[in-house]
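S.K.: Need a 3D model of the following:
(one chain, ligands or ions: 1)
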Amino acid sequence: MRSQKAQQWGWVLVFAVTCGFWWETAGPVFSQSEQVVEVTIKDFKFVTKQGVLRLGFPTVIKVRNEDAERHDFGSTMFEGIPTQIEKDGVIVYGRGVGGVLLDPKRDATFRFNMSRPGRYEFRCSIHPNMTGELLLLSAEAV
Ligand SMILES: [Cu+2]
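M.R.: Next comes the predicted model:
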């Protein structure tokens, strides 16, 4: 059972590596089904770009470290939620993911399904005064 799952993700990895470039260029095609949050780390600050995030939709958080310093993006947001992380061309999948370390000029992508509304804080464990937040709304009026 376990090895089967590992094999499955092995294929996902192969797919990701071969299609990495394609995925980037095809991004806009998928933007209607995924809601994207962009987090840029610059000058020891988190700068967040987000629209209204709706519950139950695939959500993508793209984190980019623009600094020449290593930073960490950590949050309790992913607690108990199956989360896919793509970093340096490698995809990992887990539950209860705490965050990622980002070397200078690198990025990482989190994919998950938002299921709980709320205000979620994220921070850098290396520089404790670096914090940011994300607002997950249950704005399901439509
Ligand atoms: Cu930092």
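
S.K.: From now on I want contacts and neighbour counts done on CA atoms only, so please keep to that.
M.R.: Will do.

S.K.: ok now do whatever residue of the chain ends up closest to the ion, which residues does it touch?
M.R.: The ion sits closest to H71 of the chain, with a gap of 3.7 Å, by C-alpha to the ion. Residues in contact with H71 (C-alpha atoms under 8 Å, 6 or more residues apart in numbering) are N65, L101, L102, D103, P104, C124, S125, I126, H127.

S.K.: for V92, same thing?
M.R.: V92 neighbours (C-alpha under 8 Å, 6+ apart): Q84, I85, E86.

S.K.: Now those in JSON lines, please, with extra columns for neighbour count and secondary structure.
M.R.: Converted to JSON lines, the contacts of V92 look like this (neighbours: other C-alpha atoms under 10 Å; DSSP: H, G, I helix; E, B strand; the rest coil):
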{"residue": "Q84", "neighbour count": "18", "secondary structure": "strand"}
{"residue": "I85", "neighbour count": "21", "secondary structure": "strand"}
{"residue": "E86", "neighbour count": "19", "secondary structure": "strand"}
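
S.K.: that older thread, what's across from the residue of the chain closest to the ion in the sheet?
M.R.: The partner list for H71 in beta bridges (DSSP bridges) reads L102.

S.K.: ok, now V36?
M.R.: Here V36, judged by DSSP bridges, has bridge partners V60.

S.K.: Find the least confident helix or strand in this protein, judged by mean pLDDT.
M.R.: One helix or strand of the chain scores below all others by mean pLDDT, DSSP states H and E: helix 2-30, with a mean of 52.

S.K.: Which secondary structure state does R111 sit in?
M.R.: For R111, the secondary structure call by DSSP: H, G, I helix; E, B strand; the rest coil comes out as strand.

S.K.: Tally up the residues packed near it, please.
M.R.: R111: 20 surrounding residues under other C-alpha atoms under 10 Å.

S.K.: Just the pLDDT at it, thanks.
M.R.: pLDDT recorded at R111 is 95.

S.K.: ok, it touching F78?
M.R.: No - assessed by C-alpha atoms under 8 Å, R111 is found out of contact with F78, at 9.8 Å.

S.K.: how much space between E34 and S75?
M.R.: 20 Å (C-alpha to C-alpha, to the nearest Å).
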